[in-house]
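Colleague: Predicted model follows, preceded by the sequence.
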Amino acid sequence: MSHLDDDQLAEFRCRRIGFVFQSFQLLPRLSALQNVELPMAYAGLPSAQRRKRATELLERVGLGSRRGHRPNQMSGGQQQRVAIARSLANNPDLILADEPTGALDTATGEEVLALFKQLNRDGLTLIMVTHDPGVAAQARRKIAFRDGKIVEDIRTDLP
(Lines give C-alpha, C1' and ligand atoms only; values in the text may rest on other atoms or scores of the structure.)
Protein backbone atom coordinates (compact mmCIF):
# COMPACT_ATOMS: atom_id res chain seq x y z
CA MET A 1 0.00 0.00 0.00
CA SER A 2 2.81 2.40 0.79
CA HIS A 3 3.93 2.26 -2.85
CA LEU A 4 0.57 3.33 -4.29
CA ASP A 5 0.00 6.90 -5.41
CA ASP A 6 -3.11 8.89 -4.43
CA ASP A 7 -5.11 7.77 -7.47
CA GLN A 8 -4.24 4.12 -6.88
CA LEU A 9 -5.20 4.41 -3.21
CA ALA A 10 -8.53 5.99 -4.14
CA GLU A 11 -9.15 3.18 -6.64
CA PHE A 12 -8.31 0.58 -3.98
CA ARG A 13 -10.71 2.16 -1.48
CA CYS A 14 -13.44 2.47 -4.10
CA ARG A 15 -13.32 -1.16 -5.16
CA ARG A 16 -12.11 -3.07 -2.08
CA ILE A 17 -13.44 -1.27 1.03
CA GLY A 18 -16.95 -0.25 2.01
CA PHE A 19 -17.47 2.44 4.63
CA VAL A 20 -20.34 2.85 7.12
CA PHE A 21 -20.37 5.99 9.26
CA GLN A 22 -22.12 6.86 12.51
CA SER A 23 -23.70 9.92 10.90
CA PHE A 24 -24.65 8.01 7.71
CA GLN A 25 -23.01 10.50 5.29
CA LEU A 26 -25.84 10.24 2.78
CA LEU A 27 -26.20 13.04 0.25
CA PRO A 28 -29.42 14.85 1.16
CA ARG A 29 -30.44 15.78 -2.39
CA LEU A 30 -30.20 12.20 -3.62
CA SER A 31 -32.72 9.41 -3.17
CA ALA A 32 -31.80 6.21 -1.35
CA LEU A 33 -31.32 4.56 -4.73
CA GLN A 34 -29.05 7.34 -5.98
CA ASN A 35 -27.00 7.29 -2.75
CA VAL A 36 -26.39 3.56 -3.20
CA GLU A 37 -25.56 4.01 -6.90
CA LEU A 38 -22.94 6.68 -6.24
CA PRO A 39 -19.91 4.46 -5.44
CA MET A 40 -20.66 2.40 -8.54
CA ALA A 41 -20.66 5.57 -10.64
CA TYR A 42 -17.18 6.36 -9.29
CA ALA A 43 -16.16 2.82 -10.22
CA GLY A 44 -17.39 3.40 -13.80
CA LEU A 45 -20.32 0.95 -13.89
CA PRO A 46 -22.96 1.65 -16.55
CA SER A 47 -26.16 3.31 -15.37
CA ALA A 48 -28.47 0.32 -15.92
CA GLN A 49 -26.11 -1.97 -14.02
CA ARG A 50 -25.84 0.55 -11.14
CA ARG A 51 -29.61 0.90 -10.88
CA LYS A 52 -30.17 -2.86 -10.88
CA ARG A 53 -27.50 -3.52 -8.22
CA ALA A 54 -28.63 -0.60 -6.05
CA THR A 55 -32.22 -1.85 -6.19
CA GLU A 56 -31.08 -5.35 -5.18
CA LEU A 57 -29.01 -3.98 -2.30
CA LEU A 58 -31.87 -1.86 -0.99
CA GLU A 59 -34.10 -4.95 -1.12
CA ARG A 60 -31.43 -6.89 0.77
CA VAL A 61 -31.45 -4.37 3.63
CA GLY A 62 -35.26 -4.22 3.66
CA LEU A 63 -35.69 -0.84 1.99
CA GLY A 64 -36.81 -1.67 -1.53
CA SER A 65 -40.03 0.28 -1.01
CA ARG A 66 -38.09 3.37 0.16
CA ARG A 67 -35.66 3.62 -2.76
CA GLY A 68 -37.17 6.90 -4.00
CA HIS A 69 -37.04 8.58 -0.59
CA ARG A 70 -34.43 11.14 0.37
CA PRO A 71 -32.56 10.86 3.68
CA ASN A 72 -34.74 13.45 5.45
CA GLN A 73 -37.77 11.28 4.63
CA MET A 74 -36.32 8.25 6.44
CA SER A 75 -35.68 7.29 10.05
CA GLY A 76 -32.14 7.00 11.40
CA GLY A 77 -32.26 3.22 11.12
CA GLN A 78 -33.43 3.41 7.53
CA GLN A 79 -30.67 5.89 6.71
CA GLN A 80 -28.10 3.57 8.27
CA ARG A 81 -29.40 0.64 6.22
CA VAL A 82 -29.08 2.78 3.08
CA ALA A 83 -25.51 3.53 4.16
CA ILE A 84 -24.87 -0.21 4.59
CA ALA A 85 -26.31 -0.91 1.15
CA ARG A 86 -24.06 1.83 -0.26
CA SER A 87 -21.04 0.25 1.45
CA LEU A 88 -21.80 -3.02 -0.37
CA ALA A 89 -22.21 -1.40 -3.79
CA ASN A 90 -18.83 -2.35 -5.26
CA ASN A 91 -18.65 -5.84 -3.68
CA PRO A 92 -15.93 -4.89 -1.21
CA ASP A 93 -13.66 -7.37 0.52
CA LEU A 94 -13.96 -5.40 3.75
CA ILE A 95 -16.47 -3.12 5.47
CA LEU A 96 -15.17 -0.52 7.93
CA ALA A 97 -17.93 0.68 10.26
CA ASP A 98 -17.36 3.62 12.60
CA GLU A 99 -19.86 3.59 15.50
CA PRO A 100 -22.62 2.29 13.18
CA THR A 101 -25.16 2.06 16.03
CA GLY A 102 -24.10 5.22 17.85
CA ALA A 103 -26.86 7.45 16.42
CA LEU A 104 -29.58 4.79 16.70
CA ASP A 105 -32.00 3.69 19.40
CA THR A 106 -31.39 0.27 20.96
CA ALA A 107 -33.92 -1.69 18.88
CA THR A 108 -32.75 -0.17 15.60
CA GLY A 109 -29.13 -0.73 16.61
CA GLU A 110 -29.94 -4.41 17.12
CA GLU A 111 -31.42 -4.57 13.61
CA VAL A 112 -28.23 -3.10 12.17
CA LEU A 113 -26.08 -5.55 14.15
CA ALA A 114 -28.23 -8.45 12.93
CA LEU A 115 -27.64 -7.29 9.36
CA PHE A 116 -23.88 -7.10 10.00
CA LYS A 117 -23.90 -10.60 11.48
CA GLN A 118 -25.66 -11.94 8.39
CA LEU A 119 -23.18 -10.21 6.10
CA ASN A 120 -20.34 -11.76 8.11
CA ARG A 121 -21.95 -15.21 7.93
CA ASP A 122 -22.15 -14.66 4.17
CA GLY A 123 -18.35 -14.28 4.16
CA LEU A 124 -17.82 -10.53 4.35
CA THR A 125 -15.15 -9.21 6.71
CA LEU A 126 -16.35 -6.37 8.95
CA ILE A 127 -14.29 -4.16 11.21
CA MET A 128 -16.40 -2.11 13.56
CA VAL A 129 -15.24 0.62 15.90
CA THR A 130 -17.42 1.07 18.96
CA HIS A 131 -17.28 2.40 22.48
CA ASP A 132 -20.41 0.44 23.42
CA PRO A 133 -19.49 -2.73 25.39
CA GLY A 134 -22.85 -4.30 24.48
CA VAL A 135 -22.13 -3.89 20.79
CA ALA A 136 -18.55 -5.13 21.18
CA ALA A 137 -19.76 -8.21 23.06
CA GLN A 138 -21.61 -9.38 19.94
CA ALA A 139 -18.44 -9.61 17.85
CA ARG A 140 -16.53 -12.80 17.15
CA ARG A 141 -13.30 -10.99 17.88
CA LYS A 142 -12.78 -7.98 20.10
CA ILE A 143 -9.59 -5.95 20.10
CA ALA A 144 -9.45 -3.23 22.72
CA PHE A 145 -7.05 -0.31 22.45
CA ARG A 146 -5.93 2.09 25.13
CA ASP A 147 -3.56 4.94 24.37
CA GLY A 148 -2.82 3.48 20.95
CA LYS A 149 -1.85 0.04 22.24
CA ILE A 150 -3.69 -3.26 22.11
CA VAL A 151 -4.72 -4.15 25.66
CA GLU A 152 -7.08 -7.02 24.87
CA ASP A 153 -7.59 -9.44 21.99
CA ILE A 154 -10.40 -11.94 22.53
CA ARG A 155 -11.82 -14.43 20.02
CA THR A 156 -15.16 -16.11 20.63
CA ASP A 157 -17.21 -18.77 18.88
CA LEU A 158 -20.34 -16.65 18.52
CA PRO A 159 -22.74 -17.83 15.82
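Modeller: Yes, it's here. Numbering: from 1, shown residues only.

Colleague: going forward, measure contacts and count neighbours with C-alpha atoms only.
Modeller: Noted.

Colleague: Quick check: what element follows the longest helix along the chain along the chain?
Modeller: In terms of residue count, the longest helix belonging to the chain (DSSP state H) is helix 106-121. Where DSSP states H and E defines the elements, the next helix or strand beyond helix 106-121 is strand 125-129.

Colleague: what angle do that next one and helix 106-121 make?
Modeller: Strand 125-129 runs at 150 degrees relative to helix 106-121, counting by axes from the mean of the first three to the mean of the last three C-alpha atoms, to 10 degrees.

Colleague: Report the separation between Glu152 and Pro39.
Modeller: The gap separating Glu152 from Pro39 is 35 Å, by C-alpha to C-alpha, to the nearest Å.

Colleague: The two: which is more packed in?
Modeller: Pro39 (20 against 10; other C-alpha atoms under 10 Å).

Colleague: mind listing what that one touches?
Modeller: Going by C-alpha atoms under 8 Å, 6 or more residues apart in numbering, Pro39 touches 14, 86, 89-90.

Colleague: what helix or strand does it sit in?
Modeller: Using DSSP H and E, Pro39 sits within helix 32-42.

Colleague: Low-confidence ranges, the chain, go.
Modeller: 158-159 (pLDDT under 70).

Colleague: Could you pull out the helices in it for me?
Modeller: Using DSSP H, helices in the chain cover 6-16, 32-42, 47-60, 76-87, 106-121, 133-136.

Colleague: between those, which gets nearest to Asp157?
Modeller: With C-alpha to C-alpha, the closest approach to Asp157 among the helices of the chain belongs to helix 106-121: 12.4 Å.

Colleague: mind listing what's buried in that closest one?
Modeller: For helix 106-121, the buried set under the neighbour-count rule, 16 or more other C-alpha atoms under 10 Å, comprises 108-109, 112-113, 115-117.

Colleague: and which of those is nearest Leu9?
Modeller: Phe116 (25.6 Å).

Colleague: can you pull the contacts of that closest one?
Modeller: Here Phe116 is in contact with Leu126 (C-alpha under 8 Å, 6+ apart).

Colleague: For Thr125, name its beta-bridge partners.
Modeller: Beta bridges link Thr125 to Leu94 when assigned by DSSP bridges.

Colleague: just Asp153 next, same as before
Modeller: The partner residues for Asp153, given DSSP bridges, come to Ile143.

Colleague: Nearest spatial neighbour of Met1, chain-adjacent residues omitted?
Modeller: Leu9 (7.5 Å; C-alpha to C-alpha, 6 or more residues apart in numbering).

Colleague: Before I go, just wanted to say thanks for your time.
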